[in-house]
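> When you get a sec, could you give me coordinates for this:
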Amino acid sequence: MLFKLLWYLLVGAPVLVCCSNSKLEQLDTDTLAFPEPLTAINFDMEMSKHLHLVEFYSPYCHHCKALAPTWEKTWRTFFNEGRKLNISLVQINCVESGDLCARERINSYPAIKLYGPSGFIKDYPDSLKRTSEALINFARQEALNVDNFDSTLLESQSISLKGSELLRLLAGAAEKSYLVSFWPSSSLDRPDNSDVAFEKCNVCPAFQKTWTVISNNLPNEGYVTAHVNCETERIVCEELGFNDLAELRNHRQNRAPRVALIVPNKETNNFFPYTGGDQSVRAIEDFALRTNANAQIPDVDEKALRALVSEFQPIKQTAEEIDTTVHVVFKYDAGTVVPEDFDILEQLIEPVSKIPNTYLHKSTDDLKQLSHDLYTDLYQAVNQLPEERDIFPNEEFFTMTTLTQYPTFFIFKQNGLIPSVFHGYSTTEMRNLELILDWINRNTLPVINELTPTTYEGLLNFFPDWYEYMTIMFVDSSDNELSQSMKFINDCILSTYDFESVRSQNLMEEIRRQRSRKAEEVENLTAKHATSSSIVDKMREEIAHDDGHRVLFAFLDLAKYRSLLNDEGLRAGGRHYQNGEVIIIDKKTTLSFYENDIQGNMLTMRNPSGLKETLSTLVFPSSIGSNPIVGTKVDKIQARLFSILGLFKGPGIVGYLLVFILIILVTRLPTLTRKLSIARKYRNRRDVTGILGRQKSKD
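Numbering: from 1, shown residues only. A predicted model of the protein is given here:
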């Protein structure tokens, strides 16, 4: 168990799901025989084990024949992950098992349905493509959906905690990690008790299922799961900040259970509330595992880090292979460090645990040498690009950006070759939590990011003073485009390194220019016989080392999120972007984007050099000296109009009829308004002049 825990601390904790078995070995699916279809004899028994995605087919159906290779590919690709998630892909031949298919009401082929131990759950949505990627995403999401678990098959392993017991744990008596849920209740004996009524807590019944799943998973990893009735243990809950759970104070606002982690062997800084908005099993378990790991602040050596982050490993099958794990390492000298130097680490545990996939460590090893080796690997990776010819590392820039005193912080990213070193030159800087957190937040972004409707705004607004532009590469995860998409993602990662070489060169040249100007000013002062103090002051002026002018690299899957382009006004003239094409958004203003390179051709990963030259021109216009590139304005008004019109798409003909009527009303509105105004004007007058002259009103 100790070895397993140490491994989690170093390489990142695995994601846990209901009834998962992290000890399952990876099987070579290329050598496994594709399973025979289930029959009426074994169907019910197989369904009773866990979740299944079932294809009902006929061997004579044309669409079934077309789907067959995709289904087998999906089975092989997803097999090992499915074993961990407890979901399988199976088939039913409806010609051989006609009675079974009739019982399951199969009316067309192929029919894809989700089953659980209690039977049929839902159909595979017609809105989703029947591609390998789409099938895997559907299976993965449903495996993590607690609504698909039969609550009768799981009993909660959570123990009830009294206030006195909770206080004892908070005082440092915990020998294991406790993940505790807090409820707006006085009678919740077991979280799986569906008879408990909650006042003003709509999410409580659903979270009972979630907590039951978590309570079955985490004990396998050495955790204790527990729950507290806050209406009974009011004083303790209020002291912990859960006032609304202890007493209903606002009858207009719904309440929700809270979760917190208590880490062992610590008398202070051992209580960490979960503040994430995602209440899924995956998110809460990830919080518990990473926070527990970070709270120990484990030692890590250079060899272990090197095994984790060195060398560029191409992605082979799906975008989900991209490992975005980040290691924040506190580097110190054992001979000179003082106890106060470690105080900052305790303050970093909670904020670092809130950054996805980020782990906190400490080390006494030579991490600068590791950083230098990664920097060298970066240039080796760049030289893999066909248009590059023996680009060499800029040693002067590396020295300038990594020069620091100890203790300090290093950041290493999985598959990330760009070194990040915190410039700690004084005790004041190394004990400035706000300064260190700002540096960590700026540097923990993955090398390449998936763009979704959920992540778009966050990435667009992510430190625009540092990341001035965002490139969006379009990929297509459909079966016939998947392999090409993976190549484009790999090429895009290499392009991030390629631009880093350009960035470091330009920043270094700017520093040389500033040094040259400074030397000239010193010479001028000397020639003018200025005072010695003036000359010395000029010589002592520091030249700021700019580490900005960065570019954020992202990819958008057209098979999943093509509508995002319309929603955000990123389609120039209704253009339909294709696999591998690229646009560049100006993050400083977010008012324009670029889709052509400096030659006027469409930006694409088929021509990485065109992307690099365009980015260089945009980010360093004065250095490159090229003509300005004309961008396209982001048409938010048009995007909102399309969004409004999209609301009428669902009702079909009726919806479009409403749109037509709305357009007529809008176009006729000025005329109607004018007529009403005239009518009102004459209605209010007592004297009316007509064709025959003025008609006097009768008094």
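
> Mind naming the longest helix for this structure?
Taking DSSP state H as the criterion, the chain has its longest helix at helix 482-527.

> Listing partners with orientation, what would you give for the helix or strand where I472 lies?
Per DSSP states H and E: I472 is located in strand 467-475. Using DSSP bridges, the strands paired with strand 467-475 are strand 550-557 (parallel), strand 582-586 (antiparallel).

> Output these as CSV; include the columns mean neighbour count, mean pLDDT and distance to V634.
Backbone N, C-alpha and C define where each C-beta goes, glycine included. What follows is the strands paired with strand 467-475, written out as CSV (neighbours: other CB atoms under 10 Å; pLDDT from 0 to 100; distance: least, CB to CB, whole Å):
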stretch, mean neighbour count, mean pLDDT, distance to V634
strand 550-557, 22, 94, 15
strand 582-586, 23, 93, 8
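
> Redo these as TSV? Include distance to F409.
Formatted as TSV, the strands paired with strand 467-475 follow (distance: least, CB to CB, whole Å):
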stretch	distance to F409
strand 550-557	19
strand 582-586	30
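
> Pull up the distance across stretch 472-492, start to finish.
One end of stretch 472-492 sits 10 Å from the other (CA to CA, to the nearest Å).

> Not counting that stretch itself, show me its contacts.
Counting by CB atoms under 8 Å, 6 or more residues apart in numbering, stretch 472-492 makes contact with 70, 73, 129, 131-134, 314-319, 322, 385, 448, 451, 471, 553-560, 570, 577-585, 605, 608, all of which sit outside it.

> This structure - how does it break down into domains?
Using automatic domain parsing, the domains assigned to the chain come out as 19-148, 159-296, 300-447, 448-511+541-646, 649-679.

> re earlier: quick one, the longest helix of the chain and strand 582-586 angle?
40 degrees (axes from the mean of the first three to the mean of the last three CA atoms, to 10 degrees).

> in stretch 327-337, what's buried?
H327, V328, V329, F330, K331, Y332 (16 or more other CB atoms under 10 Å).

> So which of those are in strands?
H327, V328, V329, F330, K331 (DSSP state E).

> any idea how far the most centrally placed residue in the chain lies from M400?
Closest residue to the average C-alpha location of the chain: T455 at 6.4 Å, with CA atoms, centre = their mean. From T455 across to M400, the span is 33 Å (CB to CB, to the nearest Å).

> ranges for the helices of the stretch 351-500 of the chain?
367-382, 395-402, 427-430, 433-443, 456-460, 482-527 (DSSP state H, counting those that start in this stretch).

> now these as TSV including mean neighbour count, distance to T291 and mean pLDDT?
Shown next, in TSV, are the helices of the stretch 351-500 of the chain (neighbours: other CB atoms under 10 Å; distance: least, CB to CB, whole Å; pLDDT from 0 to 100):
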stretch	mean neighbour count	distance to T291	mean pLDDT
helix 367-382	19	24	90
helix 395-402	16	30	88
helix 427-430	15	23	87
helix 433-443	17	16	94
helix 456-460	15	22	92
helix 482-527	18	29	89
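
> do you know which of the ones you listed lies nearest L565?
helix 456-460 (10.4 Å; CB to CB).

> Against which helices or strands is the closest one packed?
Contacting helix 456-460 under the criterion 3 or more CB pairs under 8 Å, 6 or more residues apart in numbering; DSSP states H and E is no other helix or strand.

> Would you mind pulling the contact partners of that helix?
Applying CB under 8 Å, 6+ apart, the contact partners of helix 456-460 are N449, L451, M470, L552, A554, L564, E568, I585, K587, T590.

> Quick check, the second one in contact with D567.
If I follow you right, that is L451. No - contact criterion CB atoms under 8 Å: L451 and D567 do not qualify, at 12.0 Å.

> quick one, which of those two is more surrounded?
L451 (20 against 17; other CB atoms under 10 Å).

> list the contacts for that one?
By CB under 8 Å, 6+ apart, the residues touching L451 are L459, I472, A554, F555, L556, Y561, L564.

> And S501, how far from L615?
12 Å.

> Which stretches in the stretch 51-200 of the chain count as helices?
62-85, 98-103, 132-143, 163-168.

> packing partners for the last one?
When contacts are defined as 3+ CB pairs under 8 Å, 6+ apart, helix 163-168 packs onto helix 234-239.

> Name the nearest of the contacts of helix 456-460 relative to S194.
L564 (39.1 Å).

> Excluding chain neighbours, what is closest to that closest one?
Nearest residue to L564, sequence neighbours excluded (CB to CB, 6 or more residues apart in numbering): P453, at 5.5 Å.

> The one you found touches N566, doesn't it?
No - at 11.4 Å, P453 and N566 do not qualify as touching, with contact defined as CB under 8 Å.

> Which residue of these two possesses the greater neighbour count?
Each of P453 and N566 has its neighbours counted (other CB under 10 Å); N566 has more, 17 against 12.

> What distance do you get for K73 to A143?
19 Å.

> More neighbours: which of those two?
Just comparing K73 and A143: by other CB under 10 Å the higher neighbour count belongs to A143, 22 against 16.

> Assess the claim that that one and N86 are in contact.
Yes - counting by CB under 8 Å, A143 does reach N86; the two are 6.7 Å apart.

> Residues in contact with stretch 34-48: which ones?
52, 54, 72, 75-76, 88, 90-93, 96-97, 99-100, 115-117, 119.

> returning to what we had before: what's the closest of the strands paired with strand 467-475 to N217?
Of the strands paired with strand 467-475, nearest to N217 by CB to CB is strand 550-557, at 29.6 Å.

> I'd like the next helix or strand past the closest one.
helix 558-561.

> Just list what the very next helix or strand once past that following helix packs against, helices and strands only.
Per DSSP H and E, helix 558-561 leads on to helix 563-567 as the next helix or strand towards the C-terminus. If you count contacts as 3+ CB pairs under 8 Å, 6+ apart, helix 563-567 packs onto helix 636-646.

> one more time with 10 Å
Helices and strands touching helix 563-567, by 3 or more CB pairs under 10 Å, 6 or more residues apart in numbering; DSSP states H and E, are strand 467-475, strand 550-557, helix 558-561, helix 636-646.

> picking up where we left off before, how about the residue nearest to the centre of the chain, what does it touch?
Counting by CB atoms under 10 Å, 6 or more residues apart in numbering, T455 touches N449, F462, A554, L556.

> any chance of the residues you listed in a markdown table, with distance to L245 too?
Shown next, in a markdown table, are these (distance: CB to CB, whole Å):
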| residue | distance to L245 |
| --- | --- |
| N449 | 36 |
| F462 | 34 |
| A554 | 39 |
| L556 | 40 |
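
> ok, of these, which one's closest to Q405?
Ranked by distance to Q405 (CB to CB), these are led by F462 at 29.2 Å.

> how far away is N490 from Q384?
N490 is 10 Å from Q384, by CB to CB.

> what does E285 give?
From E285 to Q384 the distance is 38 Å (CB to CB).

> And those two? Which one has more around it.
E285 (23 against 14).

> show me the contacts for the closest residue to L417 other than its chain neighbours.
Of all residues not flanking L417 in the chain, L378 sits nearest, at 3.9 Å (CB to CB, 6+ apart). Contact partners of L378, counting by CB under 10 Å, 6+ apart, are 312, 391, 393, 416-419, 494, 496-498, 500-501, 504.

> ok so, going back, which stretch in the domains of the chain is the model least sure about?
Lowest mean pLDDT of the domains of the chain: domain 649-679, a mean of 62.

> quick revisit: among the contacts of L451, which pair sits farthest apart?
The span of the contacts of L451, defined through CB to CB, is set by L459 and Y561 at 13.1 Å.

> quick one: contacts for F242?
Per CB under 10 Å, 6+ apart, neighbours of F242: 182-184, 228, 230, 233-234, 236, 255, 257-258, 260, 273.

> For these, which ChimeraX command selects only the ones that are buried?
The ChimeraX selection below is limited to those of the contacts of F242 classed as buried (16+ other CB under 10 Å):
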select :182,183,184,228,230,233,234,236,255,257,258,260
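
> can you list the contacts of F242 in a markdown table and add distance to L248?
Formatted as a markdown table, these follow (distance: CB to CB, whole Å):
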| residue | distance to L248 |
| --- | --- |
| F182 | 14 |
| W183 | 13 |
| P184 | 7 |
| V228 | 17 |
| C230 | 11 |
| E233 | 16 |
| R234 | 12 |
| V236 | 18 |
| R255 | 7 |
| P257 | 14 |
| R258 | 15 |
| A260 | 21 |
| P273 | 20 |
